[in-house]
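[1] sequence and predicted structure, then a few things I'm wondering about:
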Amino acid sequence: MKRIKAIYPGSFDPPTNGHLDLIERGSQIFDELVVAILRNPEKDPLFSVADRRKMLEAMTTGFDNVSVDTFEGLTVDYALRIEAKAILRGIRAISDYEYELQMALMNRKLQPGMETVFMMPAEKYSYLSSRLVREVAQLGGSIECLVPELVEQKLREKMDVAHKFANGEPAGKAHSEGKGKSRKKKAQSTWAP
Ligand code: PNS
């Protein structure tokens, strides 16, 4: 029987409840879903790739057909290498569409036959983005319900370290790299680094 493997590529800096919502939806239509974190040496992320991987792994332990991986270079090359047939991307609002369409068509040009599948996260996450989560957390706003508890905890730790640093206190050990399956079994809410 034909099994369809898909990748869900992204930066996930940090992963949000919107990402988790899409992972859950993707896990229900694909036989296998690989959440693929881009290792981008040109970006200055808040969380290291290792931290993001650990967070995503903890968030997805409840899905037996979901795994987490990292990749460098072209998304289509990675997808081909792991024999994935489709690329999953989320569209929150019409404003996402233009960029996502451009990427999907470029990916198809690079690798004919590689399909992009768009899914919409729940409406309650339509305004949610990693960038806004970072900004709100950095400015001391509440990010409750926007990210899983474990991500909230890691963001708080990061902000504490940044605050101590700004006040001339030693950052200590907490500082880490970066500036920063019957399908669903159970949600994981804690993560020990
Ligand atoms: O979460 P993001 O930042 O919106 O994800 C963007 C991502 C990682 C999917 C995109 O930048 C990407 O695919 N980068 C890998 C390099 C690549 O394949 N570029 C051509 C895309 S058309």
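    Okay, I see it. Everything numeric in this text was worked out from a predicted model, so none of it was measured. Numbers count the residues shown, from 1 in each chain.

[2] interface residues of the chain facing the ligand?
    Pro9, Gly10, Ser11, Leu38, Leu74, Thr75, Met103, Met106, Asn107 (Cβ under 6 Å from any ligand atom). (Each C-beta comes from the backbone N, C-alpha and C, glycine too.)

[3] of those residues, which belong to strands?
    Pro9, Gly10, Leu38 (DSSP state E).

[4] contacts only, for Thr75.
    Thr75 makes contact with Ile7, Pro9, Ala36, Leu38, Ile87, Asn107, according to Cβ atoms under 8 Å, 6 or more residues apart in numbering.

[5] gap between stretch 47-62 and the chain center?
    The chain centre lies 8 Å from the centre of stretch 47-62; the measure is Cα atoms, centre = their mean, to the nearest Å.

[6] what's across from the residue of the chain found nearest the ligand in the sheet?
    Nearest residue of the chain to the ligand, counting by Cβ to the nearest ligand atom: Gly10, 3.2 Å away. Note on Gly10: beta-bridge partners by DSSP bridges are Ile37.

[7] can you tell me how far it is from Phe71?
    Computed as Cβ to Cβ, to the nearest Å, the Gly10 to Phe71 distance reads 11 Å.

[8] and what of Leu146?
    Distance, Leu146 to Phe71, by Cβ to Cβ: 26 Å.

[9] assumed Leu88 was part of a strand.
    Yes. Judged by DSSP: H, G, I helix; E, B strand; the rest coil, Leu88 forms part of a strand.

[10] so it sits against Phe30, correct?
    Yes. Using Cβ atoms under 8 Å, Leu88 is in contact with Phe30, at 7.3 Å.

[11] more neighbours: these two, which one.
    For Leu88 versus Phe30, neighbours defined as other Cβ atoms under 10 Å are more numerous around Leu88 (26 against 22).

[12] can you pull the contacts of that one?
    Counted by Cβ under 8 Å, 6+ apart, Leu88 has contacts Ala6, Ile7, Tyr8, Leu22, Gly26, Phe30, Leu33, Thr116, Val117, Met119.

[13] now do Pro41
    Counting by Cβ under 8 Å, 6+ apart, Pro41 touches Glu72.

[14] what ranges do the helices span in this structure?
    Ranges of helices within the chain are 17-29, 49-59, 75-81, 94-110, 130-138, 149-166, based on DSSP state H.

[15] so which of those gets nearest Ser67?
    Nearest of these to Ser67, taken as Cβ to Cβ: helix 49-59 at 8.4 Å.

[16] mean confidence for the closest one?
    Averaging pLDDT along helix 49-59 gives 98.

[17] equivalent analysis for stretch 152-161, please.
    On average, stretch 152-161 scores 90.

[18] buried sites along it?
    Glu152, Gln153, Lys154, Leu155, Lys158, Val161 (16 or more other Cβ atoms under 10 Å).
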